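**Student:** heads up, no residue letters with this:
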């Protein structure tokens, strides 16, 4: 679209000359996020610094029916921030103040553009823990984490972003500023808009302030690794761990293809003859962590692990974590296009799901490796291919459509932590049913009567 | 209202002859809940046994514009289930099946009419813990707990009902059956309707099935009691506990008036010369609980406790818990009308809030005692008076209006865990602002275009 007359001037009036960008290079950069194969062109990028500016921009946009796509770091993997209909990209990356960290109240209050890692480091310096821990933490923003309900490695024991959002300040598309929740662990005054906005992917309101709950930093953390002949064996060990009454802070897995790719990439000394690697960890009081790690080692051994090693120092522990954290870069270098997916199934069906993924990959002649969170059943099947090979890209799309359908059939979902965005919208009705998708549209309209906020995404 | 012609016959057709009640005694009984001073008269009480019956009843009600008030045990304290506009009370108390308990998946799936205690006992028998623990647990239903986002004694460490709802089956007022969430810890497909329905107090949809997350049962629980000269001293001890990095499973308090009432009622041997009693407890691995209780005792002593005792066996621990659990019955016997309220303030402002409550009680010449959850700042100021004394009842209403306003002024809320219902609706805009209240109305309309579901409550 072209912006209506006067809108650029009015936006510049609101945010100042240095708060807008119109150069072609900028428009191209803000037309993409971390999702491959999706791009579009905004008409302008706007960088507000205050809630009042956000409100004025939205009021103007609703008045002139101009699309607005709110955006943090753009590190999402579901094309949630691609401006499909052009208009305004509203980049919250200049609202970067940590407003408050309270050890007494176990909470922090931040502007949306603060990066996840900066918040985590700032609270850690005061002996506190911010739990949400997405893979993109060094670049992702807290506002973006809330908008996508970001997950991470600690889902089963600690939950995800939603479990730690106490309150929000948000601006409705029509310009009104609302405050939901607040500083309280218990508050049932009205519908739970805090949670409704969490994960709404910038389609209902623009988040301008976030209050999150913190925990005291655990005294100790510990890590170990177990190799298994097959992923089924690893999953049986996971089931035995849960049955033994242990809910560890981390239970991650890599399949054989991931192990190979990581080892080739990073030379960490991983066993390439293993069919699966299980990375486990716990945190808490020293005596509990030590005891649990020993119990985890024992269970893995009893379930037939080829080898189990506990990290005996922080350096070794960090090296093990690196194996998991570098799965994506290791796979990415195998080809120039990497499609990272995000299905979830009930934990007991994880091995079955990976078998299906492998079968689908073979049938479509694709390279798909899988890693993910064994504790909460969240898998990241990752396809590497040549983007110039259009026929292969087409096969990949078909393969993932089957993978999503399979996850749904196994009582799972099409996205565990990445979000719906433009990438998953075509599959949403398969998961939720058309009645529920229609209801999402009516809820969207209750917030955004003109439909200006992130059009073409969830709720559209 | 009178029901339109044919509606009674149609309802009987749907649920059978034994599924409806029309007798005046029944209508009177279902015109009240546990909230004093609120009553109304439904035209019929309907007891469905299946989701299909609920759907047919709602479709009929929408067609004929008949109000429907969904109801569990009616143990709520905010007049959430009083049928203000008559019509149908839809009692879910015959949908009482525990459909599944899975230790492998750490979840249970139940119909809405299962009582909280029955679910808790059933999962405990398998070595599991259902966390949500409202005071009404022996009579309240899981569906009602979800509808009100019920709290309890474990809020700070474990969170409330919302943190444990994984999925819902619910029927929209127009009859469509939707399933939200499921069996997964991570699922971001679509807006978070699971949490939106949790705490929506029967105004958006009727919950017909609930999937809840469970935890492994902690190996050990321990309890202790500390007496302080004043509530301020007790609150200072609470602050020191949190600052020491301890988040105990229980931190409950009674003010001096509560201690006296409980001691007169139950003769538990409580110290009546104390200004406040702090009940603390923790659960987890044996070594952690033992260590934490000793640390809690030390901190209370350092903060000037008159006396600190750790319960050395289960019987003594149960006796201490009884002191907290019987606060309400103990106060109730002081007069024939008991108004139990439910404000929350940030934890550091709890003593300040109780001082305000005491000042307001004195000024309005009322007997208000306060107990509650010190860990999460959730207070239950409780006024006992003679219902025949209309002038005193009027004073009580004025006093509570001041208490709500004070809680809001201290960054708190008008209800922490009881809900809005009809009782708090007049105060909701003070807490949320008119823009947000209007938004709640639009969300309500997105679910319930005919406005038949629980009219006169939140969203109206």
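**Tutor:** That came through, no problem. Owing to the predicted nature of the structure, the values given are computational and were not obtained by experimental measurement. Numbers count the residues shown, from 1 in each chain, chains lettered A, B, ... in the order given.

**Student:** Output the contacting helices and strands for the lowest-mean-pLDDT helix or strand in chain A.
**Tutor:** For chain A, the helix or strand with the lowest mean confidence is helix A:314-325, at a mean of 85 (criterion: mean pLDDT, DSSP states H and E). Under the contact criterion of 3 or more CB pairs under 8 Å, 6 or more residues apart in numbering or on different chains; DSSP states H and E, helix A:314-325 touches strand A:220-228, strand A:250-255, helix A:256-266, strand A:276-284. Every C-beta, even on glycine, is put in place using the N, C-alpha and C of the backbone.

**Student:** check whether the second one contacts chain B.
**Tutor:** No: contact of strand A:250-255 with chain B is not found when judged by CB under 8 Å from any CB of the partner chain; the minimum separation is 11.5 Å.

**Student:** Return the mean pLDDT over that strand, rounded to an integer.
**Tutor:** For strand A:250-255, mean pLDDT rounds to 96.

**Student:** name the helices or strands packed onto that strand?
**Tutor:** By 3+ CB pairs under 8 Å, 6+ apart, strand A:250-255 packs against helix A:231-243, strand A:276-284, helix A:314-325, strand A:367-373.

**Student:** Just want the angle from the third one to strand A:250-255.
**Tutor:** Between the direction of helix A:314-325 and that of strand A:250-255, the angle (axes from the mean of the first three to the mean of the last three CA atoms, to 10 degrees) works out to 60 degrees.

**Student:** How about the second one?
**Tutor:** With the same axes, to 10 degrees as the criterion, the two stretches strand A:276-284 and strand A:250-255 enclose an angle of 170 degrees.

**Student:** what's downstream of strand A:276-284, the next helix or strand?
**Tutor:** Next helix or strand after strand A:276-284 toward the C-terminus (DSSP states H and E): helix A:286-302.

**Student:** For that next one, buried residues please.
**Tutor:** For helix A:286-302, the neighbour count (16 or more other CB atoms under 10 Å in any protein chain shown) marks A:288, A:289, A:291, A:292, A:293, A:295, A:296, A:297, A:299, A:300 as buried.

**Student:** cool, and stretch A:134-147?
**Tutor:** A:134, A:135, A:136, A:137, A:140, A:141, A:142, A:143, A:144, A:145, A:146, A:147.

**Student:** elements contacting the longest helix anywhere in chain A?
**Tutor:** For chain A, the longest helix by residue count, based on DSSP state H, is helix A:390-409. The elements that helix A:390-409 packs onto, with contact taken as 3+ CB pairs under 8 Å, 6+ apart, are strand A:337-340, helix A:350-363, strand A:378-385, helix A:425-432.

**Student:** Pick the most deeply packed of those.
**Tutor:** strand A:378-385 (a mean of 25; mean count of other CB atoms under 10 Å in any protein chain shown).

**Student:** tell me the mean pLDDT over that one?
**Tutor:** Strand A:378-385 comes out at a mean pLDDT of 96.

**Student:** quick one, it and helix A:390-409 angle?
**Tutor:** Taking the same axes, to 10 degrees, one finds that strand A:378-385 is oriented at 170 degrees with respect to helix A:390-409.

**Student:** quick one: low-confidence parts of chain A?
**Tutor:** Flagging of chain A using pLDDT under 70 yields the residue ranges A:1.

**Student:** what's the domain layout of it?
**Tutor:** Here the domain parsing of chain A from automatic domain parsing is A:1-217+A:426-460, A:220-323, A:335-418.

**Student:** Same list, these, but as CSV with distance to residue B:340 please.
**Tutor:** What follows is the domains of chain A, written out as CSV (distance: least, CB to CB, whole Å):
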stretch, distance to residue B:340
domain A:1-217+A:426-460, 15
domain A:220-323, 35
domain A:335-418, 38
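
**Student:** follow-up on the earlier one: return the set of buried residues in the least confident helix or strand of chain A.
**Tutor:** Here helix A:314-325 shows A:317, A:319, A:320, A:321, A:323, A:324, A:325 as buried, counting by 16+ other CB under 10 Å.

**Student:** Check what contacts it and list those residues.
**Tutor:** Helix A:314-325 is touched from outside by A:135, A:153, A:221-225, A:252, A:254, A:262, A:266, A:268, A:270, A:277, A:279, A:281, A:311, A:371, with contacts defined as CB atoms under 8 Å, 6 or more residues apart in numbering or on different chains.

**Student:** what about residue A:360, distance to chain B?
**Tutor:** 20 Å (CB to the nearest CB, to the nearest Å).

**Student:** Over to residue A:403?
**Tutor:** In terms of CB to the nearest CB, residue A:403 sits 14 Å off from chain B.

**Student:** Tell me who's in contact with that residue.
**Tutor:** A:341, A:343, A:356, A:357, A:360, A:381.

**Student:** Please apply the same query to residue A:412.
**Tutor:** A:343, A:344, A:345, A:346, A:349, A:353, A:377, B:182, B:184.

**Student:** Just the buried ones from those?
**Tutor:** Here, 16+ other CB under 10 Å leaves A:343, A:344, A:345, A:346, A:349, A:353, A:377, B:182, B:184 buried among the contacts of residue A:412.

**Student:** mind checking which helix or strand residue A:421 is in?
**Tutor:** Applying DSSP H and E, one finds residue A:421 in no helix or strand.

**Student:** Count the neighbours of it for me.
**Tutor:** Residues within reach of residue A:421, counting by other CB atoms under 10 Å in any protein chain shown, total 27.

**Student:** My guess is it contacts residue A:457. True?
**Tutor:** Yes: at 5.9 Å, residue A:421 counts as touching residue A:457 under the criterion of CB atoms under 8 Å.

**Student:** list residues touching both of the two?
**Tutor:** A:80, A:201.

**Student:** I'd like the buried ones among the contacts of residue A:412 as CSV, with distance to residue B:399 appended.
**Tutor:** Converted to CSV, these look like this (distance: CB to CB, whole Å):
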residue, distance to residue B:399
A:343, 55
A:344, 50
A:345, 54
A:346, 51
A:349, 56
A:353, 58
A:377, 51
B:182, 46
B:184, 46
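
**Student:** Those: which two are farthest apart?
**Tutor:** A:353 and B:182 (14.5 Å; CB to CB).

**Student:** is any part of stretch A:444-456 close to chain B?
**Tutor:** Yes: looking at stretch A:444-456 against chain B by CB under 8 Å from any CB, the contacts come from A:445, A:446, A:447.

**Student:** Can you tell me what sits against that stretch?
**Tutor:** A:58, A:61-62, A:65-70, A:80-81, A:84-85, A:87, A:172-174, A:201-206, A:422, A:425, A:458-460, B:439, B:442-443, B:445-446.

**Student:** What sits closest to residue A:339 if chain neighbours are left out?
**Tutor:** Distances taken as CB to CB, 6 or more residues apart in numbering or on different chains put residue A:383 closest to residue A:339, at 4.5 Å, once the chain neighbours are dropped.

**Student:** Pairing-wise in the sheet, spell out the partners of the one you found.
**Tutor:** residue A:339, residue A:368 (DSSP bridges).

**Student:** right, and it touches residue A:400 too?
**Tutor:** Yes: shown here, residue A:383 and residue A:400 form a contact pair, counting by CB under 8 Å, at 7.4 Å.

**Student:** what do these two both touch?
**Tutor:** By CB under 8 Å, 6+ apart, the residues touching both residue A:383 and residue A:400 are A:339, A:341.

**Student:** Next, count neighbours for the nearest residue to residue A:236 once chain neighbours are set aside.
**Tutor:** Closest residue to residue A:236 apart from its sequence neighbours, by CB to CB, 6+ apart: residue A:303 at 5.2 Å. Neighbourhood size, residue A:303 [other CB under 10 Å]: 19.

**Student:** And for residue A:418?
**Tutor:** Neighbour tally, residue A:418, other CB under 10 Å: 29.

**Student:** excluding its backbone neighbours, what's nearest it?
**Tutor:** That would be residue A:342: by CB to CB, 6+ apart, it lies 4.1 Å from residue A:418.

**Student:** Tell me who's in contact with the one you found.
**Tutor:** With contact taken as CB under 8 Å, 6+ apart, residue A:342 is in contact with A:77, A:78, A:378, A:379, A:380, A:414, A:415, A:416, A:417, A:418.

**Student:** For my notes, confirm it occurs in a helix.
**Tutor:** No: assessed with DSSP: H, G, I helix; E, B strand; the rest coil, residue A:342 is coil; it does not lie in a helix.
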